[in-house]
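K.L.:
Provided below for reference: sequence and predicted model.
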Amino acid sequence: MAGRPAGMTRLMNDEDAQLRDLLRTLSPSARERLRDVLSRDQVDRDLIARLLRFRDVRGAAWADLIDELSLDPELRRRCVRLLGELTSSS
C-alpha cells in the first residue's frame, strides 16, 4: 500500500485479519447477503443486525461491528472487499 507508513499498513493488515476471521464465521449465503446490504448507498443498521442476529458465538464482536459499519464508510468498503475475497476463495 503505497503512500502509507509501514506501521499504518501493518495496522490495516491486522484489522483486516481480525475482520476476515469474524466474517468467516458466517455461512456463504449470509456473507453474500451482508455484502449486498453493505454495497447499498444507505446502510440499514437494523437489516445488518437482523442478518447477524444468530451469530452469538462472538456476540460482542458482532454488536461492535454493526455499530461501526453503520458509522464508518471506509470500514464498509473494507468489509465488502473482504467478503468478496472470501467468496472468491470458497
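P.N.:
Structure's in. What do you need?
K.L.:
could you use CA atoms for every contact and neighbour count after this?
P.N.:
Will do.
K.L.:
identify the residues contacting the spatially most central residue of the chain.
P.N.:
Centroid-nearest residue in the chain, with C-alpha atoms, centre = their mean: C79, separated by 3.4 Å. Listed by C-alpha atoms under 8 Å, 6 or more residues apart in numbering, the contact set of C79 reads L19, R35, L38.
K.L.:
show only the entries of these found in helices.
P.N.:
If you go by DSSP state H, the contacts of C79 have L19, R35, L38 in helices.
K.L.:
what's the closest non-adjacent residue to the last one?
P.N.:
It stands for L38. With C-alpha to C-alpha, 6 or more residues apart in numbering as the criterion, L38 has its nearest non-adjacent residue at 6.1 Å, and that residue is R76.
K.L.:
same check, this time on the second one
P.N.:
On the basis of C-alpha to C-alpha, 6+ apart, the spatially nearest residue to R35 that is not a chain neighbour turns out to be V80, at 5.4 Å.
K.L.:
the one you found in helix, strand or coil?
P.N.:
Following DSSP: H, G, I helix; E, B strand; the rest coil, V80 is assigned to helix.
K.L.:
which residues does it contact?
P.N.:
R35, L38, S39.
K.L.:
and the ones in helices among the contacts of C79 as CSV, adding neighbour count, pLDDT and distance to D67?
P.N.:
Listed next are those as CSV, based on neighbours: other C-alpha atoms under 10 Å; pLDDT from 0 to 100; distance: C-alpha to C-alpha, whole Å:
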residue, neighbour count, pLDDT, distance to D67
L19, 18, 89, 14
R35, 21, 87, 16
L38, 23, 82, 13
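K.L.:
make JSON lines out of those and add distance to L69.
P.N.:
Listed next are the ones in helices among the contacts of C79 as JSON lines, based on distance: C-alpha to C-alpha, whole Å:
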{"residue": "L19", "distance to L69": "12"}
{"residue": "R35", "distance to L69": "12"}
{"residue": "L38", "distance to L69": "8"}
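K.L.:
tally of neighbours for the closest residue to D67 other than its chain neighbours?
P.N.:
In space, and not counting its chain neighbours, D67 is closest to R45: 7.6 Å by C-alpha to C-alpha, 6+ apart. By other C-alpha atoms under 10 Å, the residues close to R45 number 17.
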